[in-house]
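Visitor: 3D, please:
(chains A and B)
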Amino acid sequence: MEFRNVSMSYERGYDVLKDISFNLPSGSMHFLTGPSGAGKTSLLKLMYLAHRPTRGEIMMFGRDVAKSVREDLPKLRRRIGVVFQDFRLLDHMTAVENVALPLRIAGGSGAHINEHVEELLVWVGLKDKMSSYPSTLSGGEKQRVAIARAVIRRPDILLADEPTGNVDPEMAERLMYLFVELNKLGTTTVIASHDNGLVEKFGSARLHLVGGKLLHLEGTGKRPELGESKE
Amino acid sequence: MRTPYDFLPDVSKREATKLLPWVMAIMVYLSALAATGSLVLHSGFDDWASSLQGRVTVQLTGENREEMNDQSSRIQEVLRATPGVELVRPLTEDEIRLLLEPWLGAGNITEDLPVPIMIDVETSDNIYVNLDALESKIKQISDNVYLDDHAKWLDDFLRLAYTVESTGLGILVLILLASVCIIIFGTKSSMSEHKGTIEIMHLMGAHDLMIAKAYQNRFMKYGLRGGVIGLILSFITVYGLLILVQNLSGGFVETPTLPYLKMSLLLLFPLIFAALTMITARITVMRELARMV
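Guide: A predicted model of the protein is given here:
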């Protein structure tokens, strides 16, 4: 994923992102840090193709997605997993149905979907919550359902916006280990967070935004060894 | 064919679209009544016009009754000898009195009143009768003879029939337009209600068509359900009105004839409204989604 001189504004307002350039190697893991209002969510929106830049190029999947025609975007979006800050689970669907959503969108149907989904929910520790609706789940449980939904199709890129913002420190750490595990499978991972302690603990590379500008790019994004990063 | 993925939640009590089947029922009800009224009137006009078509009235006036009777006999001979004339029947004095009563009042027609002689003539449907030539011929017998082929009346009837039909069609078009507006409003309202769900579907890579199909299927069911209800209610209303007319008239007023064959087309109304609802919802959703990246 490569950004070249990318700027972005909402509804002809001022630029919330200014001349951003970086290159994230495939399979890398990065934290996206910065104070509130720095533009982290806006940058993620560009990454998950919810918004188009006002200027610049965004190279993903071997093409400039900023200039891709609208009809091509759904196919590209299916290769991106997103964990939203507010989970954005569908309240009228059970945990299983929520996680199965990307598979159904991709045209999957039948029993093997549920089998696959249940397997993943067991893996994220929600064996007993499969038929539960989001309204009955705790923050951490919702977060894990959201993560399961984001990774169910083994996306090429995984983006998470403050994924630990709504959970206690212990759960936050557990979820971070989950991301690291997913990254090990080859998924390029970007996690937006303002939890410096967590970022330092996991010692991954960092994109730091201030006032819409990328101040520095620390590290290589090479996946940290769990043993090294833990303490 | 794969069943479209219905990702939309069940309609909640507070959702505006919950009322859509009922609105559609009212629209189909009004459409069916407008169409029935138009068809019944059209059928009535047809009967009326066909009863006048092929009929000619010869009217002979004068002051000398004996002379008039003589002229009448000669005119009838001419008429009977004309190819294409199938029936020649002079009206009796009582029949003429009955015709005059609405204008002069019963009992006001005295013996000395110079009432005309009227001859009812029926012409063939297959043989053309040149009425102008016929009138010239009988005018040689009397200058006071007139031949009325009811053309003016027929023209008036046809104009009225056309106006009634056009009005009925206009009402139908207005109802369809109003329905389209309501469907657009309902679709947009539902999309607004489920904005979060649609956004998630969109961001996960759902094509516009997938989202549109979920809506069009749901709305088609609304249209079909409402249409069936509306049609049944309209049939009940028409049947009730017929009974009412029959009971009120007691044979005095002719009960309108229902053109059943044409009315069977009303059975298509629920399907037409279902299709209208489906297509309108689909177009609305596609247009709304096109605004998203």
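Visitor: Need the three-state assignment for residue 7.
Guide: Answering for chain A, as no chain was given. Secondary structure, DSSP: H, G, I helix; E, B strand; the rest coil: A:Ser7 is strand.
Visitor: should've been chain B
Guide: Strictly by three-state DSSP, B:Phe7 counts as coil.
Visitor: centre of the chain versus the helix or strand containing B:Met24, how much separation?
Guide: B:Met24 is part of helix B:20-52, with elements assigned from DSSP states H and E. Relative to its chain's centre, helix B:20-52 lies at 5 Å (C-alpha atoms, centre = their mean, to the nearest Å).
Visitor: Quick check: buried residues in stretch A:176-184?
Guide: A:Met176, A:Leu178, A:Phe179, A:Val180, A:Leu182, A:Asn183 (16 or more other C-beta atoms under 10 Å in any protein chain shown). C-beta coordinates here come from the backbone N, C-alpha and C atoms, glycine included.
Visitor: can you put those in CSV and add secondary structure, distance to A:Asp86 and pLDDT?
Guide: Formatted as CSV, the buried residues of stretch A:176-184 follow (DSSP: H, G, I helix; E, B strand; the rest coil; distance: C-beta to C-beta, whole Å; pLDDT from 0 to 100):
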residue, secondary structure, distance to A:Asp86, pLDDT
A:Met176, helix, 19, 85
A:Leu178, helix, 19, 79
A:Phe179, helix, 18, 86
A:Val180, helix, 23, 88
A:Leu182, helix, 21, 82
A:Asn183, helix, 23, 88
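Visitor: low-confidence ranges in chain A?
Guide: A:166, A:216-231 (pLDDT under 70).
Visitor: before we move on, back to that, just the buried residues of stretch A:176-184 that are near chain B?
Guide: Among those, no residue is within reach of chain B (C-beta under 8 Å from any C-beta of the partner chain).
Visitor: for these, which one is nearest chain B?
Guide: A:Leu182 (17.2 Å; C-beta to the nearest C-beta).
Visitor: Just list the residues touching the nearest residue to B:Arg89 once chain neighbours are set aside, thanks.
Guide: Nearest residue to B:Arg89, sequence neighbours excluded (C-beta to C-beta, 6 or more residues apart in numbering or on different chains): B:Asp120, at 4.8 Å. B:Asp120 makes contacts with B:Arg55, B:Thr57, B:Leu87, B:Val88, B:Arg89, B:Pro90, B:Leu91, as judged by C-beta atoms under 8 Å, 6 or more residues apart in numbering or on different chains.
Visitor: Tell me which two of those residues sit farthest apart.
Guide: B:Arg55 and B:Pro90 (14.3 Å; C-beta to C-beta).
Visitor: And those two? Which one has more around it.
Guide: Each of B:Arg55 and B:Pro90 has its neighbours counted (other C-beta atoms under 10 Å in any protein chain shown); B:Pro90 has more, 19 against 15.
Visitor: give me every residue that touches that one.
Guide: Contacts of B:Pro90 by C-beta under 8 Å, 6+ apart are B:Ser72, B:Gln76, B:Ile117, B:Met118, B:Ile119, B:Asp120.
Visitor: so the last one bridges to which residues?
Guide: Right, B:Asp120. Beta bridges link B:Asp120 to B:Thr57, B:Arg89 when assigned by DSSP bridges.
Visitor: From chain A, how far off is it?
Guide: For B:Asp120, the distance to chain A equals 75 Å [C-beta to the nearest C-beta, to the nearest Å].
Visitor: With the second one instead?
Guide: In this structure, B:Gln76 and chain A are separated by 83 Å, where distance is defined by C-beta to the nearest C-beta.
Visitor: again with the fifth one
Guide: Taking C-beta to the nearest C-beta as the criterion, B:Ile119 is separated from chain A by 79 Å.
Visitor: And the strands in chain A?
Guide: Ranges of strands in chain A, per DSSP state E, are A:2-9, A:15-23, A:29-33, A:55-60, A:63-64, A:80-83, A:157-161, A:188-192, A:205-210, A:213-218.
Visitor: So what touches the first one?
Guide: Same thing as strand A:2-9. Against strand A:2-9 from outside (C-beta under 8 Å, 6+ apart): A:15-24, A:42, A:46, A:51-60, A:66.
Visitor: buried subset of these?
Guide: A:15-18, A:20, A:22, A:24, A:42, A:46, A:51-53, A:55-58, A:60, A:66.
Visitor: and chain B, which of these reach it?
Guide: Answer for the buried ones among the contacts of strand A:2-9 near chain B (C-beta under 8 Å from any C-beta): A:His51, A:Arg52.
Visitor: mind listing the helices for chain A?
Guide: A:40-47, A:73-77, A:95-105, A:111-123, A:139-151, A:169-184, A:196-202, A:226-230 (DSSP state H).
Visitor: Format the CA atom coordinates belonging to the fifth one as PDB.
Guide: As requested, C-alpha coordinates have been extracted for helix A:139-151 and formatted as PDB (Å, rounded to 0.1, in the frame of the first residue of the first chain):
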ATOM      1  CA  GLY A 139     -17.800  -4.300  24.600                       C
ATOM      2  CA  GLY A 140     -14.900  -6.900  24.400                       C
ATOM      3  CA  GLU A 141     -17.200  -9.500  22.900                       C
ATOM      4  CA  LYS A 142     -18.500  -7.100  20.300                       C
ATOM      5  CA  GLN A 143     -15.000  -6.200  19.500                       C
ATOM      6  CA  ARG A 144     -14.000  -9.800  18.900                       C
ATOM      7  CA  VAL A 145     -17.100 -10.300  16.700                       C
ATOM      8  CA  ALA A 146     -16.100  -7.200  14.700                       C
ATOM      9  CA  ILE A 147     -12.500  -8.600  14.400                       C
ATOM     10  CA  ALA A 148     -13.800 -12.000  13.400                       C
ATOM     11  CA  ARG A 149     -16.000 -10.300  10.700                       C
ATOM     12  CA  ALA A 150     -13.000  -8.400   9.500                       C
ATOM     13  CA  VAL A 151     -10.800 -11.400   9.000                       C
END
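Visitor: In that helix, which residues are buried?
Guide: A:Gly140, A:Glu141, A:Lys142, A:Gln143, A:Arg144, A:Val145, A:Ala146, A:Ile147, A:Ala148, A:Arg149, A:Ala150, A:Val151.
Visitor: Tell me the one among those nearest to chain B.
Guide: A:Arg149 (8.2 Å).
Visitor: In contact with that closest one, which residues?
Guide: By C-beta under 8 Å, 6+ apart, the neighbours of A:Arg149 are A:Gly81, A:Leu89, A:Asn98, A:Val99, A:Leu101, A:Pro102.
Visitor: Show me which of those residues is closest to B:Ile200.
Guide: Looking across the contacts of A:Arg149 and measuring by C-beta to C-beta, the closest to B:Ile200 is A:Leu101, at 7.5 Å.
Visitor: Now A:Ile105: closest residue in space that isn't a chain neighbour?
Guide: Nearest to A:Ile105 is B:Ala206, by C-beta to C-beta, 6+ apart, at 4.8 Å.
Visitor: B:Val129 now?
Guide: That would be B:Gly84: by C-beta to C-beta, 6+ apart, it lies 4.0 Å from B:Val129.
Visitor: Please identify which helix or strand holds B:Leu174.
Guide: Short version, using DSSP H and E: B:Leu174 is in helix B:151-193.
Visitor: Give me the pLDDT value at the residue of the stretch 1-150 of chain B found nearest chain A.
Guide: Taking C-beta to the nearest C-beta as the measure, the stretch 1-150 of chain B has B:Pro9 as its residue closest to chain A, at 3.5 Å. Per-residue pLDDT puts B:Pro9 at 83.
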